[in-house]
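Visitor: Output the structure for:
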Amino acid sequence: MGLMTSDFGVPAAYAVLVWWFATGIILFLDGLPQHTFRWSITAATAVLGVAAGVLHSSAADATAAGAFTAFTCAILFWGWLEMSFLMGFITGPRRHACQERCSGWRHFFHATSAIIYNEIATLVGAVVILVLTWGSVNRVALGTYAVLWAMRISAKLNLFLGVPNLGEKFLPAHLQYLKSFFRRRAMNFLFPVSIAVSTVVVAALVRRFQSAADAYHVTAYALVASLLGLAVLEHWFMVLPLPSEKMWKWAMRAPSQPGVTAKAP
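Guide: Residues are numbered from 1 along each chain as shown. Coordinates of the predicted model:
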């Protein structure tokens, strides 16, 4: 017999808190003077090393605590990637805007060139997590990372194809050239597909949660489903007239404050 739906509350609350707080921390660090970026990424790299060790040691821990640990480690991996991109350490060979009349596949290749190094780093991160958890029962980190990666790719493509809200306030000054690859329009063909597919997956994960028979699986499904739900919410921010930046007002203190979202291509 599956666990009660009320057991969803604690993992869901944890996922929301980690998502909100981790985003805010990166917003804050990315808003500091650029000469602090090396210190920030050095500290983040040290944290990443600890997270890798903890993830490896928890890979065989098929308990609720093990699920929480793996989820947190995956978020730390992702946070390092976001910092490395938004602080300008790992972006792409193209570091200037596209001409206004550039379009079609040529424009797409230019946009890809602006972010390709970070995409390669993301792939490397996935391989590292896979190796650290290979053959183990606790796969929450890999599932968490996969959700973040898939939804970030979806968000990037939607920004490229065109949405009403481009999230310019979340781009730091040194990455403003990326706006030339965004397009403002009422809707694009991919957006409803992104929402529909991700919502179906959320529903499937919730069903798995409802039929789970042990604390590890109910926690695992609840964490990943909640994170995917938050990613769907971030997608809706691209089309709804909502000031999403207000959620991180505490971290966005400087007038030209940059930010972090999974959507910045």
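
Visitor: gap between stretch 169-178 and the chain center?
Guide: 17 Å (Cα atoms, centre = their mean, to the nearest Å).

Visitor: now swap in stretch 88-108 and tell me
Guide: 22 Å.

Visitor: which residues touch that stretch?
Guide: Stretch 88-108 is contacted from outside by 37, 41, 81, 83-85, 110-118, 121, 160, 172, 174-175, 177, 179-181, using Cβ atoms under 8 Å, 6 or more residues apart in numbering. Every C-beta, even on glycine, is put in place using the N, C-alpha and C of the backbone.

Visitor: Can you select the buried ones among those residues for me in ChimeraX?
Guide: Burial among these is assessed by 16 or more other Cβ atoms under 10 Å; the matching ChimeraX selection reads:
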select :37,41,81,83,84,85,110,111,112,113,114,115,116,117,118,121,160,172,174,175,179,180,181
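
Visitor: Restricted to helices, list the contacts of stretch 88-108.
Guide: Counting by DSSP state H, these place 37, 41, 81, 83-85, 110-118, 121, 160 in helices.

Visitor: OK, contacts around the nearest residue to residue 225 once chain neighbours are set aside?
Guide: For residue 225, the nearest residue in space outside its immediate sequence neighbours is residue 205; the separation is 3.7 Å by Cβ to Cβ, 6 or more residues apart in numbering. The contact partners of residue 205, taken as Cβ under 8 Å, 6+ apart, are 221, 224-225, 228.

Visitor: Wasn't residue 205 part of a strand?
Guide: No. Using DSSP: H, G, I helix; E, B strand; the rest coil, the assignment for residue 205 is helix, not a strand.

Visitor: Skipping adjacent residues, who's closest to residue 247 in space?
Guide: Take residue 247 and drop its neighbours on the chain: the residue closest to it by Cβ to Cβ, 6+ apart is residue 20, 6.7 Å away.

Visitor: Oops, could you answer that again for residue 208 instead?
Guide: residue 221 (4.7 Å).

Visitor: residues near that neighbour, how many?
Guide: Using other Cβ atoms under 10 Å, residue 221 has 25 neighbouring residues.

Visitor: just checking, it touches residue 212?
Guide: Yes. Between residue 221 and residue 212 a contact is recorded at 6.0 Å, counting by Cβ atoms under 8 Å.

Visitor: Please enumerate the helices of this structure.
Guide: Using DSSP H, helices in the chain cover 9-30, 37-58, 64-86, 104-132, 140-161, 190-211, 215-237.

Visitor: would JSON lines of these with mean pLDDT be doable?
Guide: What follows is these, written out as JSON lines (pLDDT from 0 to 100):
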{"stretch": "helix 9-30", "mean pLDDT": "94"}
{"stretch": "helix 37-58", "mean pLDDT": "97"}
{"stretch": "helix 64-86", "mean pLDDT": "97"}
{"stretch": "helix 104-132", "mean pLDDT": "96"}
{"stretch": "helix 140-161", "mean pLDDT": "97"}
{"stretch": "helix 190-211", "mean pLDDT": "96"}
{"stretch": "helix 215-237", "mean pLDDT": "96"}
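
Visitor: ok so, going back, give me the number of residues near the residue nearest to residue 247?
Guide: Here the number of neighbours of residue 20 (other Cβ under 10 Å) works out to 14.

Visitor: Against residue 234, how distant is it?
Guide: Separation of residue 20 from residue 234 (Cβ to Cβ, to the nearest Å) stands at 12 Å.
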